[in-house]
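In: Sequence and computational prediction follow.
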Amino acid sequence: MKTTTLAAAFSFFSTYPDNPRWSWSAVSPDSKTVAVTIWEHEVGDDGSIDCFGDPGLTTWTSKPGNQERIRNLQIARDNCDALFHVIWVTARNLEENPWTIAGRYPEEHFMMKLIDLNEVTGEFSAVLVDPASAGHELRTMSDRPTKPPVYSLRIRTDRRRTSEATSRRAIATCPTCFMALPATGICDTCE
């Protein structure tokens, strides 16, 4: 799957966020479909995510994206058999704080099933499932047919370009949506 903008990833599931710049989740107009962004590296090999006791909880609990996600996870629990679609978010460098986004892409084959939700803090746990199977069988991260896009950091060198060596440079990113900026320096997503 090709990486995409957040708005395009949400629309892949016919869901619409409150704000395409800061939303972490979205819901369809009929409240029958929910999509949630999840940092791919935070999901265990067994396909589970557990945000309870997150050391960074105080930095994200009051953010509007978290408040919207709480509402949308409640909708998933109450209207969607606790199932929600996933938009995988990949980080450029896990050593950075905060992480910057290398890309986003919708999970086409599997969904997550909400296990627990703290409606005050937004902490939650969920597992990867196959919605097409009887009883929503659990899946692991390695079961996914869609693999994440590969990101490679471009590094500037002082050598001139030759036919076999290319000059590399860091990619400029939009400070709002963190997508790579085109040569114009103006973000196509946030215009």
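Out: Looks like it arrived, so ask away. Numbers count the residues shown, from 1 in each chain.

In: Which parts of this protein are strands?
Out: 25-27, 34-39, 48-50, 83-91, 101-106, 111-117, 124-129 (DSSP state E).

In: and the ones you listed, which is most packed in?
Out: strand 25-27 (a mean of 27; mean count of other C-beta atoms under 10 Å). (Each C-beta comes from the backbone N, C-alpha and C, glycine too.)

In: In a markdown table: the strands of the chain, plus distance to residue 14.
Out: Output for the strands of the chain, formatted as a markdown table (distance: least, C-beta to C-beta, whole Å):
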| stretch | distance to residue 14 |
| --- | --- |
| strand 25-27 | 9 |
| strand 34-39 | 9 |
| strand 48-50 | 23 |
| strand 83-91 | 10 |
| strand 101-106 | 11 |
| strand 111-117 | 14 |
| strand 124-129 | 20 |
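
In: any chance of the ones you listed in TSV, plus mean pLDDT and distance to residue 19?
Out: What follows is the strands of the chain, written out as TSV (pLDDT from 0 to 100; distance: least, C-beta to C-beta, whole Å):
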stretch	mean pLDDT	distance to residue 19
strand 25-27	96	10
strand 34-39	96	13
strand 48-50	94	23
strand 83-91	94	15
strand 101-106	88	16
strand 111-117	97	21
strand 124-129	96	20
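
In: Of all these, which one comes closest to residue 139?
Out: strand 124-129 (4.6 Å; C-beta to C-beta).
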